[in-house]
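Engineer: Here is a sequence with its predicted model. Questions after.
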Amino acid sequence: MAPNAARSTKAKQKLQDESREESLQAIVLADVFETRFKPFTFERPRCLLPLANTPLIEYTLDFLASAGVRDVFICCGQHADQVEEYINNSRWKLSSSPFQTLLLLKSPATSVGDVMRDLDGRDLITRDFLLVSGDVVSNIALESILDKHRARREMDKNAIMTMVLREFGLEHRIKSKRRKPIFVIDPKTERCLHYEEIGPKSVSSRYVGMDAKLLKEHGELEIRGDLVDCFIDICTPDVLGLWSDNFDYRTLRRSFLHGVLKDHELNGKTIYAAIASDQYAARVRDLKAYDVVSRNILGRCTYPLCPDSNLVSGQNYRFQEGNIYKEDGLSIARTSIVKQKVVLGRRTSIKDRSLIVNSTIGRSCQIGSDVHVSGSYIWDNVQIGDGTKIHRAVVASGARIGKNCSICPGTLISFGVYLADGTNVSGVHHIKPMRGKYQENNAQDEASQIDETTDAALQLSSSDDDSTASSLLGTSPSRPNSQSLTELSMSQFSESDSDFEPLPETSRRSSLRSDLSWESAPNRDFLVEATADILDALQNGVSPENISLELVSLRMKEDASQHQVRHAVVTAFMRRVSNLMGEDGQSGLSPNEAVTEVFTKNKEVIKRTLFDQSREAKDDQVDLLMLIQKDAAGRSRGESLLVFIAKELYDLELVEEDGIMQWWEDDRSKSGEMKKVRVLTEPLIDFLQNAEEESDDESEEDGDE
């Protein structure tokens, strides 16, 4: 027995050692030594700035936890004490935390290179690690990428790094307009052979200079300018050694990556690229990205990283129609309107006749009467006086905006700023309090002017930062937006879901526009294009997987909501069903046959638009059925189509019994033409109700036994 016990103990120890060797470590760069978020970063580290009312670092740590990381080292520079205090009071320090080690490392470093060399000297990294910045938002599953990385490492000890890149279109708005990263990749091996950044400032910067040997040694090369670099790297410990060997390396890409690839013949090290196309990853690297990623989160492109996931302890956001997220304890006047991608934090109050659209409002904000806030980010404890208009601006915590102010696109108002009544801020301005401890080191180079009535400095930033802010906020830095906020009308924000009057079919795209006429103009552009693409794909027999990929790409490009995606899918599917039934609805397939042909073969397309299976409220399924009902109400034999589609969706397990019942009980499905078209569906509802009652009876009998 004793020898067997000894062998068992050794075997367990070996398994533990192997598990420890395979578990991941991670380095989080909480400070990336940039000033793209000034004036906010004068007082708070970037990683603690709120994104959809959740600190940025929460998204990064959640991503690391989902990747199976066990040990996390957070490297802090400026405002390290604030980061330490936040982490120590967060869920990541509880006994239930997925991290075995969570250590904050303070460093006087002035560049990423200094941080990496400092880490190499500490001997904390003993195995493969993830290197990420503290502003990454991603739902990418890394398992397969990690497996490939480890397999390469086993075959080639010189394979030191795998970069995780995200595939977007050439003109996708999440990409930086400063300099474009160019990756030269061998598509067969996924090895990155050359890296360069090009920009618009000079003719020479628009060309990529490669070693001619690369063209001779590799039969095929891809020069990729359509990739977003999210700064998610899987590294071996050798990476730290290379940083220490090259003291001139300061940045991750322009210095380290470019240098290692250029000196491949000397160091022999290889770097690979893993390109993700159907999952989300982005770095909130500047204000433009802050705006785009915020809207993607509210549009649920980042699912499950959405406000109603409640990443931070104490949050209790609930999702509502129109991509609206509300916490408890709100006070909203009945005459005020909140619509279209809005987050509202706890204890916020909104008085009469105010309009909040496409905006994030933090906790404990006080918004007066007749206030318009559109496309803006209002952080915690902000007061906004009556009659004030704020359009595409950022207002930091503790700020007080007086009555009848006009805050135009491009304005960044920092912590604790007070603007007097009637203040008009036009053009791109950065406004911060005049407090000595927060002045920039090179303040003498800045042009500041004091507004005595507001106790604030209106500070024009450098041209680079102006272009970032204006790119985010939709203006030109040299020319203020000419649109007066007082001219905003309710129609500009209208997206009615209640009135649907489809017109007869005529030509292809014009008829699609007619079918979508109840949507607002910005939505129609996406819907017409998406519907036409899906319909073409259905007619040409394109696989459901490829249809979904194209749809995801278009949705990302246009920042469309999931409701708009479902609307496009429903319109295309219904049009295809109608085509299969014939012009008169009689000469082709029967309604049942046409529905089976379209919906069964392409069920995966619909499945990928529904995200409420685990939730009690089946909002997505109700939305899908409502859209189908609206479309059927304007079609020949619409009553038959609706019942066959509802049954088919139920049989395919795309919609659940609860989803159908919630749709049936929804008041919107019971009025006017909507009520008429659902008459034939009533037997299906009766069947489901009876089946549920029988199931309940059987459960009670089982309980009695």
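Structural biologist: Received it, and whenever you're ready, just let me know what you need.
Engineer: CA only for contacts and neighbour counts going forward, please
Structural biologist: OK.
Engineer: Give me the distance between residue 660 and residue 670.
Structural biologist: From residue 660 across to residue 670, the span is 14 Å (CA to CA, to the nearest Å).
Engineer: more neighbours, the two?
Structural biologist: The neighbour count for residue 660 versus residue 670, taken as other CA atoms under 10 Å, is higher for residue 660 (22 against 15).
Engineer: was I right about residue 161 contacting residue 235?
Structural biologist: Yes - counting by CA atoms under 8 Å, residue 161 does reach residue 235; the two are 4.4 Å apart.
Engineer: more neighbours, those two?
Structural biologist: Neighbours were tallied for residue 161 and for residue 235 using other CA under 10 Å; the higher tally belongs to residue 161 (26 against 22).
Engineer: The host helix or strand of that one pairs with which strands, and in what direction?
Structural biologist: In this structure, residue 161 is located in strand 159-167 according to DSSP states H and E. According to DSSP bridges, strand 159-167 forms sheet pairs with strand 227-235 (antiparallel), strand 270-276 (parallel).
Engineer: most neighbours per residue, which of those strands?
Structural biologist: Of all those, strand 227-235 has the most neighbours on average by mean count of other CA atoms under 10 Å, namely a mean of 23.
Engineer: quick one: stretch 379-391 to chain centroid distance?
Structural biologist: With CA atoms, centre = their mean, to the nearest Å as the basis, stretch 379-391 stands 25 Å off its chain's centre.
Engineer: If you could redo that for stretch 74-92, that was the one I meant.
Structural biologist: Centre to centre, stretch against its chain (CA atoms, centre = their mean), the figure for stretch 74-92 is 24 Å.
Engineer: What residues of that stretch count as buried?
Structural biologist: Residues of stretch 74-92 classed as buried: 74, 75, 76, 77, 78, 79, 80, 83, 84, 87, 91, 92 (neighbour count, 16 or more other CA atoms under 10 Å).
Engineer: Same list (the strands paired with strand 159-167) but as a markdown table, adding mean pLDDT and distance to residue 543.
Structural biologist: Compiled in a markdown table, those are given as follows (pLDDT from 0 to 100; distance: least, CA to CA, whole Å):
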| stretch | mean pLDDT | distance to residue 543 |
| --- | --- | --- |
| strand 227-235 | 90 | 25 |
| strand 270-276 | 92 | 20 |
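Engineer: Which of the helices and strands in this protein ranks last by mean pLDDT?
Structural biologist: Using mean pLDDT, DSSP states H and E, the weakest-scoring helix or strand in the chain turns out to be strand 447-451, at a mean of 32.
Engineer: which non-adjacent residue is nearest residue 590?
Structural biologist: Here the nearest residue to residue 590 in space, its sequence neighbours aside, is residue 581; by CA to CA, 6 or more residues apart in numbering that works out to 6.1 Å.
Engineer: no wait, residue 102
Structural biologist: The spatially closest residue to residue 102, leaving aside those adjacent along the chain, is residue 72, at 4.8 Å (CA to CA, 6+ apart).
Engineer: Packing partners of the strand or helix carrying that neighbour?
Structural biologist: Taking DSSP H and E as the definition, one finds residue 72 inside strand 69-76. Contact here means 3 or more CA pairs under 8 Å, 6 or more residues apart in numbering; DSSP states H and E; on that basis strand 69-76 packs against strand 24-29, strand 101-106.
Engineer: Please name whichever of the ones you listed is nearest to residue 557.
Structural biologist: Distance to residue 557, taken as CA to CA, is lowest for strand 24-29 among the helices and strands packed on strand 69-76, at 28.6 Å.
Engineer: The closest one: how far from the chain's middle?
Structural biologist: Strand 24-29 has its C-alpha centroid displaced from the chain centroid by 22 Å (CA atoms, centre = their mean).
Engineer: Stretch 663-681 now?
Structural biologist: On CA atoms, centre = their mean, the centre of stretch 663-681 falls 35 Å from that of its chain.
Engineer: Report the mean confidence score over that stretch.
Structural biologist: Mean pLDDT, computed over stretch 663-681, is 88.
Engineer: Show residues contacting that stretch.
Structural biologist: The list of residues contacting stretch 663-681 from outside it, by CA atoms under 8 Å, 6 or more residues apart in numbering, reads 498, 621-623, 625-626, 629-630, 632-633, 638-640, 642-643, 646, 685.
Engineer: could you redo the last one with a cut-off of 7 Å?
Structural biologist: Contacts to stretch 663-681, defined as CA atoms under 7 Å, 6 or more residues apart in numbering, come from residues 622, 625, 626, 629, 630, 633, 638, 639, 640, 642, 643.
Engineer: Likewise for stretch 386-396?
Structural biologist: Residues outside stretch 386-396 that contact it (CA under 7 Å, 6+ apart): 368-379, 403-415, 473, 485.
Engineer: Do me a favour and get the end-to-end distance for it?
Structural biologist: One end of stretch 386-396 to the other measures 19 Å (CA to CA).
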